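> Give the three-dimensional model of this entry:
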Amino acid sequence: MGNRWFILCLAIVAQIASISALFGVPFVIPALREAYGLTIAQAGTLAGLPSLGLLLTLPGWGVVIDRYGERFTMTASLLLTASALSLLAAVDGPVAAGAVLTLVGAAGGPVNAAGGRLVLGWFSARERGLAMGLRQAAQPLGMGLSAALMPIIAERHGFVAAMLLPAALAVAMAPLVAVFAVRPGPDPRGGDAMMAAETASPYRHAAIWRVHGVSMLLGVPQFTVMTYALVYLVEEHGWSAPLAGAVIAGTQVPGALARLGTGAWSDRVGSRLRPVRIIAAVSGAALLLLAGASVAVPAAAVALLLACLVLSMSHNGLTFTAVAETAGLAWAGRAMAAQNSLQAVSSTLTPVLMGVVIAWQGFTSAFAAAALFCALAVAVVPVGRRSPGATSARSG
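Next comes the predicted model:
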């Protein structure tokens, strides 16, 4: 009983280390712009480059996870991530820094998929939504840690010094993962249909593609708000970067609780994806209100921005669990890596394209455009079947 919860905690902390490396750049955009003399669109492009690294390498990492296991993959990823981040101190200019940030993404990507596969093996279908909700809470917790600490370090010591924080976290976690990140025994608790040794490709069926599509669509509002929230508060409301970072960090706690709550919700209703449709609809409405308030009621816009931050991150645990359950354990590593790869398309392109929209039409238009992607996700979500964990590896 205690062992599986320890494994869950280990996966959470390892993911926090990885997340702070992959997605910490948006919280130091002012220092990044100052260091290299960049426009906001150029800085947004650099902020998206770790996601490009994920996109290029995650399919290969998925094969490594399924073939060599979670412990090897996570340990290698954490060590490579720390090594890549240390290179920032040795390069000069935005092009070289961009190449290093791409390398950081290439190294850091598999921790999410490997940690997810590890947790899935230890928990049964009736607990899996809750367990994965807890595990996916690592993302907002990692973002909160980054938002709270990295702007302070960046303001005092510069962009490169701030990026050494996630490097230190990765180095600290690597030996713990190497020793303790073990798979369950031959008779794991997760003895449901997902655990069956099925080897046929789940990609012959439409359901898994639709889950991937929903994640990509909802990644646009998520990364729009996440990337530009700090810049919005600084430029539109006159906040200092550390204050904005601290407030954004504060939203990560309710964001983590939202992932936990939606996971338990999905266990209760027997569906991972029906809650996703509701979340997408509410998120789209909140973004439209934010777009309107930014013009008409600026004071209310701050509260709406913080609500959008929480809502935009609350779906990830559900879609991540759904794609793994749909794939089955034999394909879970590759399926979750594919999920992260496709999400990386959103997280790579969104900062670039929304940076152009902001430069051209302002933040209001960017928020309204993000709401459109929520509406598209509502239409794409497959909600006609029960959770894969509740019935079989092919239901959803």
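
> Point out where this protein drops to low pLDDT.
Residue ranges of the chain with pLDDT under 70: 1-2, 185-200, 329-330, 383-396.

> Pro59 contacts Gln339, correct?
No: using C-beta atoms under 8 Å, Pro59 is not in contact with Gln339; the gap is 11.0 Å. Backbone N, C-alpha and C define where each C-beta goes, glycine included.

> what kind of secondary structure is Leu260 in?
helix (DSSP: H, G, I helix; E, B strand; the rest coil).

> Neighbour count for Pro59 and Gln339, which is higher?
Gln339 (27 against 14; other C-beta atoms under 10 Å).

> what sits against the more buried one?
113, 211-212, 215, 319-320, 323 (C-beta atoms under 8 Å, 6 or more residues apart in numbering).

> Sticking with it, tell me its helix or strand.
Assigned by DSSP states H and E, Gln339 belongs to helix 329-361.

> what separates the helix or strand where Leu165 lies from the chain centre, distance-wise?
Using DSSP H and E, Leu165 maps to helix 159-180. Taking C-alpha atoms, centre = their mean, to the nearest Å, one finds helix 159-180 lying 18 Å from the centre of the chain it belongs to.

> That helix packs against which elements?
helix 2-23, helix 29-36, helix 70-86, helix 138-157 (3 or more C-beta pairs under 8 Å, 6 or more residues apart in numbering; DSSP states H and E).

> To Ser283, which of the ones you listed lies closest?
helix 138-157 (14.7 Å; C-beta to C-beta).

> in the closest one, what counts as buried?
138-155 (16 or more other C-beta atoms under 10 Å).

> Could you verify my assumption that Gly144 touches Leu257?
No: using C-beta under 8 Å as the test, Gly144 is too far from Leu257 to be in contact (11.6 Å).

> Go ahead and flag the most central residue of this structure.
Gln139 (5.6 Å; C-alpha atoms, centre = their mean).

> How many residues are close by the nearest residue to it once chain neighbours are set aside?
Nearest residue to Gln139 in three dimensions, chain neighbours excluded: Ile19, at 5.3 Å (C-beta to C-beta, 6 or more residues apart in numbering). When neighbours are defined as other C-beta under 10 Å, Ile19 has 24 of them.

> Now do the contacts for Ile19.
Neighbours of Ile19 in contact, by C-beta under 8 Å, 6+ apart: 112, 138-139, 141-143, 146.

> Next: Ala148.
245-246, 249.

> Highest neighbour count among these?
These, ranked by neighbours (other C-beta under 10 Å): first place Gly245, 29 neighbours.

> Quick one: residues contacting that one.
27, 147-148, 150-152, 230.

> The residue nearest to the centre of the chain is in contact with Ile12, isn't it?
No: taking contacts as C-beta under 8 Å, Gln139 lies outside contact range of Ile12: 9.9 Å.

> all helices of the stretch 101-250 of the chain, in order?
According to DSSP state H, counting those that start in this stretch, the stretch 101-250 of the chain carries its helices in the segments 110-122, 125-136, 138-157, 159-180, 206-237, 241-269.

> So for the fifth one, what gets flagged as buried?
Buried residues in helix 206-237, counted by 16+ other C-beta under 10 Å: 207-234, 236.

> Equivalent analysis for the fourth one, please.
Taking 16+ other C-beta under 10 Å as the neighbour-count basis, helix 159-180 is seen to contain the buried residues 159-167, 169-171, 173-174, 177.

> now swap in stretch 62-81 and tell me
Quick answer for stretch 62-81 (16+ other C-beta under 10 Å): 62, 64-66, 69-81.

> Perfect, I'm done here.
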